[in-house]
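> please find the sequence and the predicted model below.
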Amino acid sequence: MDVPFLDNFFDKIEMYAVGQKDGLIKLTDDGWTLDNLLSRGVDINKSKKRKTILINQLRGYGISLIDDELTTIVDINHFAEAKNRLLHFFICM
């Protein structure tokens with residue numbers, strides 16, 4: 001889903017909602033954030049300290065780092081709130 005905000009390349013920010021077998025919804029950036037940082041010369045996986053800082057920031061938003069994707073899994077009743085938290089994290093980056 002596109003959102004009406006632009007990233008640092010002036011492209012629309014995108015996030016993906018993927019239905020899970022248990023009825024929950026996975027919201028993800030599909031790896032965009034870490035790819036974007038890497039294109040700017042910041043490799044989170046090279047520095048344990050950088051990765052720890054990122055994970056701590058993500059926790060504050062209720063987001064996890066799974067397979068280099070920013071992810072949160074929620075039920076339908078909390079979808080809008082989770083979408084807002086993930087989007088807010090993107091904008092604050």
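All right, it came through fine. As the structure is a prediction and not an experimental result, all values here were calculated from the model. Residues are numbered from 1 along each chain as shown.
> three-state assignment of residue 30?
Judged by DSSP: H, G, I helix; E, B strand; the rest coil, the three-state class of residue 30 is coil.
> ok, now how distant is it from residue 86?
Note on residue 30: its distance to residue 86, by Cβ to Cβ, to the nearest Å, is 12 Å. C-beta: built from backbone N, CA, C; applies to glycine.
> and residue 66, how far is that from residue 77?
Distance of residue 66 to residue 77, given as Cβ to Cβ: 22 Å.
> cool, residue 33 as well?
Taken as Cβ to Cβ, the span from residue 33 to residue 77 is 26 Å.
> how about residue 30?
Taken as Cβ to Cβ, the span from residue 30 to residue 77 is 24 Å.
> can you give me the helices in the chain?
Counting by DSSP state H, the chain has these helices, from start to end: 32-39, 48-60, 79-92.
> is it true that residue 68 touches residue 32?
No: using Cβ atoms under 8 Å, residue 68 makes no contact with residue 32, being 10.0 Å away.
> neighbour count winner among the two?
residue 32 (19 against 16; other Cβ atoms under 10 Å).
> leaving out sequence neighbours, find the closest residue to that one.
residue 14 (7.1 Å; Cβ to Cβ, 6 or more residues apart in numbering).
> remind me which residues of the chain are low pLDDT?
For the chain, applying pLDDT under 70 flags the ranges 1-7, 93.
> pick out the residue closest to the middle of it.
residue 70 (3.3 Å; Cα atoms, centre = their mean).
> surely it and residue 33 touch.
Yes: contact status for residue 70 versus residue 33: in contact at 5.3 Å, counting by Cβ under 8 Å.
> ok, residue 46 - how many residues close by?
9.
> how close does it sit to residue 38?
In terms of Cβ to Cβ, residue 46 sits 10 Å off from residue 38.
> and what of residue 89?
18 Å.
> who has more neighbours, the two?
residue 89 (19 against 15).
> quick one, phi/psi of the nearest residue to that one once chain neighbours are set aside?
Excluding the flanking residues, the one nearest residue 89 by Cβ to Cβ, 6+ apart is residue 61, at 4.7 Å. Main-chain torsions, residue 61, degrees, to the nearest 10: phi -100, psi 0.
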